[in-house]
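A.B. asks: dropping a prediction and its sequence here:
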Amino acid sequence: MTASDSYLLLQALCDELARCGLEHACTSPGSRCTPIVLSLVREPRIRCWSHLDERCAGFFALGAAKATGRPVAVTCTSGTAAVNLAPAVIEAFHARVPLIVLTADRPPELRDVGAGQTIDQLKLYGDAVKWFYEVGVERATPEALRFVRMLACRAYFTAAGQPAGPVHLNLPLREPLVLEQPLPEDHSGRADGEPWVRVDVPEPTPSIAGPHRFDRAVIVAGAEPESETTGPPLGAFAAAAGIPLLADPMSGARRGPAAIAHYDALLRDPAFVGEHRPRFVFRIGDLPTSKPLRAWLAGLEVPQITIGPSLRWRDPDAVVGLHTVTPVRALLAAASGGQMVADQSGWLQSWRAADAAATNAIAATLGDRLSEPLVAAKLGEWLPARATLYVASSMPVRDLESFFPVLQEPPRVLANRGANGIDGTVSSAFGAAGAGEGPVVLLTGDVALAYDIGGLLAARRLGLSLTLVLLNNDGGGIFHFLPVAREGEAFEQHVATPHGLEFSHAAALFGCGYELAQTVDQLRGAIERSLESPLSSLIEVRTDREQNLALHRRIDEAVQAAVSRS
Ligand SMILES: Cc1ncc(C[n+]2csc(CCOP(=O)(O)OP(=O)(O)O)c2C)c(N)n1
């Protein structure tokens, strides 16, 4: 076996991935992975994004795959490099994001004998991949080339198929790792440029018989990989059917006259809950984060039905009675095509009146002083529909759910909510900025930013434009909402973890613009300037953890008072 064999097989693998539709790959440096990296880089249809750190590479690939809805490849060298991809692989598995992980490895004879940078990489990610395959070390015979082409198609379509997720190919490579002579031409692919194998999964066409009515129903919509195509018809359907739509911004469905923005605040109010008992619940996408919403769903003794393109068991309280496995779009098309009798009972109007009262109470409580909830609300107002808002876990994603307004054409909202980690947030947002369309704004806390500060390398090295809006409360503000906040100094040092970092230095180190915004107008101006700029910028808003907790409490009280008056 020669270097030509490895390169011929890898060239076929990359050609085949590109034929399937792969457009983006992330690389990281190393020796053993050289043939994979060079083969990806030499494939003109694949754009390669270079990273120093595999954790960043993995999350960048994740963000790119989320933004495009298509598989993205990520490769790395052997050893702990491959382990550093694990957080992104696990997030991709839980969030149904298609990734193709190509790890380089030592060949079998160099394993478990003390060879350098060699660990057991077989099934390294356990059950968090849809498919693992240990590729053989082969001569590039016509049969092996054909097999590798089939393998590439299988990897691509397995990652992309419902539910989407990561696949892992482990690629043992023997030395020499660089070519000594030019690679012979390879014509082993299909002559028409098509992939070796195509996969045809016809979309089901559900039929809904007879006139249908959904009195006193609600729709709960959470994060959904296909939010761009399901969000708009869902908003329109709910409005036509007169069904309140409790939609997390990540669902893409917080839009139109049936969307209820402040369900998180409304469902904290026992009086409101008592007066708004539904008869049906339709659940689409992931469960939203809101604790009051989850508790409310858990306590309802009414039929609850999930709708989604694959069977998933997102029901920690075991209250769902029917899982309807069908693409949401197809079902909505069938329902809208039939005879629909809208709920005329005033049910939706009652939810809307309460939501309007909550909106006013929140606006009055927030005023125009910069605060964490106000930033979440304002980003909704300011960002154009073509923008993507990437939101960090912790309070940013919760505040977005609680305070993001109902809009006609909202921006797309993405977040790493598969496993709810704060790791890799910056890199994921850069991945979305690199591979997706339209400007990307990241809303992040300071601990999440500090955690993935190395992700900022993508700004200058990869020439990417990302607007980072940093809510800096010097620690994890979320923990003040938990009972552990009573634990004094131990809480402060070991849970809240203040760090005192001066983030303008980080911006300077990584070649990002920096602005400190102290008023709403300054923040808006800074965001507008950043959206126009080809460079990345960090826009910092300083807040206080204790005051943030108190503000959230005041908002809850104001909403309850307003709703009981309405
Ligand atoms: C990888 C990972 N480690 C730890 C946690 C636990 N965790 C949840 S929120 C949080 C603090 C986040 O702080 P920050 O990003 O500043 O946001 P804030 O809470 O202030 O909104 C931590 C450590 C996590 N979610 N993910």
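C.D. replies: Nice, I can see it. Residues are numbered from 1 along each chain as shown.

A.B. asks: going forward, measure contacts between C-alpha atoms and count neighbours the same way
C.D. replies: Fine.

A.B. asks: need the three-state assignment for the residue at the greatest distance from the centre of the chain.
C.D. replies: Most distant residue from the mean C-alpha position of the chain: residue 181, 43.2 Å away (C-alpha atoms, centre = their mean). With DSSP: H, G, I helix; E, B strand; the rest coil as the basis, residue 181 sits in coil.

A.B. asks: what about it, distance to the ligand?
C.D. replies: Per C-alpha to the nearest ligand atom, to the nearest Å, residue 181 is found 45 Å from the ligand.

A.B. asks: give the contact list for that residue.
C.D. replies: residue 4 (C-alpha atoms under 8 Å, 6 or more residues apart in numbering).

A.B. asks: then residue 79?
C.D. replies: Contact analysis of residue 79 by C-alpha under 8 Å, 6+ apart lists 105, 117, 118, 119, 121.

A.B. asks: between these, which has the most around it?
C.D. replies: Neighbour counts for the contacts of residue 79, by other C-alpha atoms under 10 Å, peak at residue 105, which reaches 27 neighbours.

A.B. asks: ok, which residues in this protein are in contact with the ligand?
C.D. replies: Applying C-alpha under 6 Å from any ligand atom, we find that the chain lies next to the ligand at 394-396, 420-423, 445-448, 473, 475-478.

A.B. asks: switch the cut-off to 8 Å
C.D. replies: Residues of the chain found near the ligand (C-alpha under 8 Å from any ligand atom) are 392-396, 420-423, 444-449, 471-479, 495-496, 545.

A.B. asks: which of the residues you listed fall within helices?
C.D. replies: Those of these mapping onto helices are 395, 396, 446, 447, 448, 449, 545, per DSSP state H.

A.B. asks: SS state for residue 133?
C.D. replies: Per three-state DSSP, the secondary structure class of residue 133 is strand.

A.B. asks: quick one: low-confidence ranges for the stretch 251-400 of the chain?
C.D. replies: Applying pLDDT under 70 to the stretch 251-400 of the chain flags residues 338-339.

A.B. asks: mind running it again at 90?
C.D. replies: The model of the stretch 251-400 of the chain has pLDDT under 90 over residues 312-314, 327-345.

A.B. asks: the stretch 51-200 of the chain now?
C.D. replies: Looking at the stretch 51-200 of the chain by pLDDT under 90, you get 137-138, 180.

A.B. asks: all strands of it, in order?
C.D. replies: Using DSSP state E, counting those that start in this stretch, the strands of the stretch 51-200 of the chain run over residues 72-76, 99-105, 131-134, 166-172.

A.B. asks: so for the third one, what gets flagged as buried?
C.D. replies: Applying a neighbour-count criterion of 16 or more other C-alpha atoms under 10 Å, the buried positions in strand 131-134 are 131, 132.

A.B. asks: export it as PDB, just CAs?
C.D. replies: Provided in PDB are the C-alpha atoms of strand 131-134 (Å, rounded to 0.1, in the frame of the first residue of the first chain):
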ATOM      1  CA  TRP A 131     -23.500   5.400  12.400                       C
ATOM      2  CA  PHE A 132     -19.900   4.500  13.100                       C
ATOM      3  CA  TYR A 133     -17.600   2.800  10.500                       C
ATOM      4  CA  GLU A 134     -14.000   1.800  10.700                       C
END
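
A.B. asks: who touches it?
C.D. replies: Residues outside strand 131-134 that contact it (C-alpha under 8 Å, 6+ apart): 122, 123, 155, 158, 166, 167, 168, 169, 170, 171, 172.

A.B. asks: just the element for residue 377, please.
C.D. replies: Here residue 377 sits within helix 372-382, counting by DSSP states H and E.

A.B. asks: same thing with residue 240?
C.D. replies: Judged by DSSP H and E, residue 240 forms part of helix 227-241.

A.B. asks: mean confidence for that helix?
C.D. replies: Averaged across helix 227-241, the pLDDT comes to 93.

A.B. asks: so residue 199 makes contact with residue 158?
C.D. replies: No: between residue 199 and residue 158 there is no contact under C-alpha atoms under 8 Å: 9.6 Å.

A.B. asks: quick one: which of the two has more around it?
C.D. replies: Neighbours were counted for residue 199 and for residue 158 using other C-alpha under 10 Å; residue 158 has more, 22 against 11.

A.B. asks: do a quick rundown of the strands in the stretch 201-350 of the chain.
C.D. replies: Using DSSP E, counting those that start in this stretch, strands in the stretch 201-350 of the chain cover 212-213, 217-221, 245-247, 280-284, 304-308, 322-325, 340-341.

A.B. asks: convert the fifth one to CSV, retaining C-alpha atoms only.
C.D. replies: Extracted C-alpha coordinates of strand 304-308, given in CSV (Å, rounded to 0.1, in the frame of the first residue of the first chain):
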residue,chain,number,x,y,z
GLN,A,304,-51.5,15.9,23.8
ILE,A,305,-50.2,15.1,20.3
THR,A,306,-46.7,15.6,18.9
ILE,A,307,-46.2,16.2,15.2
GLY,A,308,-42.8,15.8,13.6
